[in-house]
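Q: let's see this in three dimensions:
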Amino acid sequence: MKNLSLLLLLVVISFKSYSQQGFSFQGIARDNNGKALTDKNLQFTFSIHPTGGANVFTESKTIKTDGFGVFQHVIGSVKSTDFAKIDFENEYYLKVDVSENGGAVVTLTDSKLENVPYASYAHKAYFPAGMIIPYAGNVNTGALNIDGLVEPIPGWVLCDGKSFNSEKYKALKAALNDAWGENRLPDLRGQFLRGVDYGANVDSNSDKRTAKHAKGNTGDNVGTYQGDATRRPNAAFGTSTDGNHSHTMNLLRHHRSFEGNSDSDHPLKYNEGIGVTYHTSTTGNHTHTITTGGDAETRPKNASVNYLIKY
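A: Residues are numbered from 1 along each chain as shown. Now for the predicted structure:
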C-alpha cells in the first residue's frame, strides 16, 4: 500500500442544514507513478485533534474511487452526533489515513484546519445554544442519546422538561441559567409559546406566572408557566330575566233544558260555553344555570409540532 499517494483537490465547507453538519473532503488517489487508482475500494479514517492532543472526533468509511480515481466524503456524516459536539472555536488538525484491502495504512494528510473552524463557528452563531425551533418531523420519544435526552437532530434535543448534565452541556446551561428549573430543559409539550411581557401590560397576570420545576423562574420572566383562563368580555353580560309568566285554565259550562210536556215533540235545547276562567299564580322573574356542554379548555385552531432546543 506504500505506492498510494494523494493529490488533494479541495476541502470545502458544506453546511446544507443542521441535520447534515459536516465538511466535504475530496481528492484523487494515485500511486507513486502518478497513475490514478480507479474503481478501488479504499478504507479511510478521518480524525480531528488539537495540536499534540488526543482525537476529539474519529470516523471511518470505505469509499470507492470513480473512473478517474476521485473520492469524496462528508466528514461528520458517519458520526454526526459526535461531530456536532466539536467546539471549533479551538484550533484543530485533520488527519486522514487510508488503506486498501486491509493493507498498510498510509497517512495522506495531517494538517491544520483553516476554513472549517470559521464556517462551523458561524454555523453555531447562527444557531446559538438555547435557540428553539418547531420541528414537523416524527420524534421517537423512546430513543434517547447517551445522556438520556431525545435528540432527533444532531445538536438539537426535545423540549420535554428533562434534566441535563450542566457540565457536558455548558453552552446550554449558560443560555438557560436555570430559567426553566435547575438544569432543566423547557417543557413545551402541549404548550403555546408567549413572549415575555417585560412590563408591557399585555399579559395582565404576568406577576402570577409560576415555575414548573424547582429553582425555575416565576413572575414576568422567561421560563415561567401560566394555566388556563378565559377572559371576561369588555361589557358585562347575563342570562335573560324575561321569565315572568302564568297559565290560564278554562272550565266549560254545559246547560240543557226541555220545552213543553212529556207528549211534546219539541227538541231538546242546550248551550255550552266557558263558564269560569282560572289563572295560575305567576312564577316571577328568574334565571337558569347552564351546567352541561363545552370542552376542557378554550383554544384556537392549532396544529401540533415538536419544539427542539439547540445545545
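
Q: check what pLDDT residue 199 gets.
A: Per-residue pLDDT puts residue 199 at 94.

Q: for it, phi and psi?
A: Residue 199 adopts backbone torsions of phi 80, psi 10, taken as degrees, to the nearest 10.

Q: now the nearest residue to it once chain neighbours are set aside: how far from residue 165?
A: Nearest non-adjacent residue to residue 199, counting by Cβ to Cβ, 6 or more residues apart in numbering: residue 220, 6.8 Å away. For the C-beta atoms, the positions are set from N, CA and C on the backbone; glycine is no exception. Distance, residue 220 to residue 165, by Cβ to Cβ, to the nearest Å: 30 Å.

Q: of these two, which one has the most company?
A: residue 220 (17 against 13; other Cβ atoms under 10 Å).

Q: element containing the more buried one, please.
A: In the assignment (DSSP states H and E), residue 220 maps to no helix and no strand.

Q: so who does it touch?
A: For residue 220, the contact set (Cβ atoms under 8 Å, 6 or more residues apart in numbering) comprises 196-199, 203, 206-207, 209.

Q: next: residue 41.
A: 62-64, 100-101.

Q: from residue 73, how far off is it?
A: Taken as Cβ to Cβ, the span from residue 41 to residue 73 is 13 Å.

Q: check residue 152 too.
A: Taking Cβ to Cβ, one finds residue 152 at 24 Å from residue 73.

Q: which parts of the stretch 1-150 of the chain are strands?
A: With strands called from DSSP state E, counting those that start in this stretch, the stretch 1-150 of the chain shows them at 4-13, 23-31, 41-49, 57-64, 70-75, 93-100, 106-112, 132-135.

Q: adding mean pLDDT and distance to residue 301, write those out as TSV.
A: Putting these into TSV (pLDDT from 0 to 100; distance: least, Cβ to Cβ, whole Å) gives the following:
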stretch	mean pLDDT	distance to residue 301
strand 4-13	43	42
strand 23-31	82	43
strand 41-49	94	48
strand 57-64	95	45
strand 70-75	89	41
strand 93-100	91	51
strand 106-112	87	55
strand 132-135	95	16
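
Q: need the ones you listed in JSON lines with distance to residue 306, can you?
A: Below are these laid out as JSON lines (distance: least, Cβ to Cβ, whole Å):
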{"stretch": "strand 4-13", "distance to residue 306": "28"}
{"stretch": "strand 23-31", "distance to residue 306": "28"}
{"stretch": "strand 41-49", "distance to residue 306": "31"}
{"stretch": "strand 57-64", "distance to residue 306": "27"}
{"stretch": "strand 70-75", "distance to residue 306": "26"}
{"stretch": "strand 93-100", "distance to residue 306": "34"}
{"stretch": "strand 106-112", "distance to residue 306": "39"}
{"stretch": "strand 132-135", "distance to residue 306": "5"}
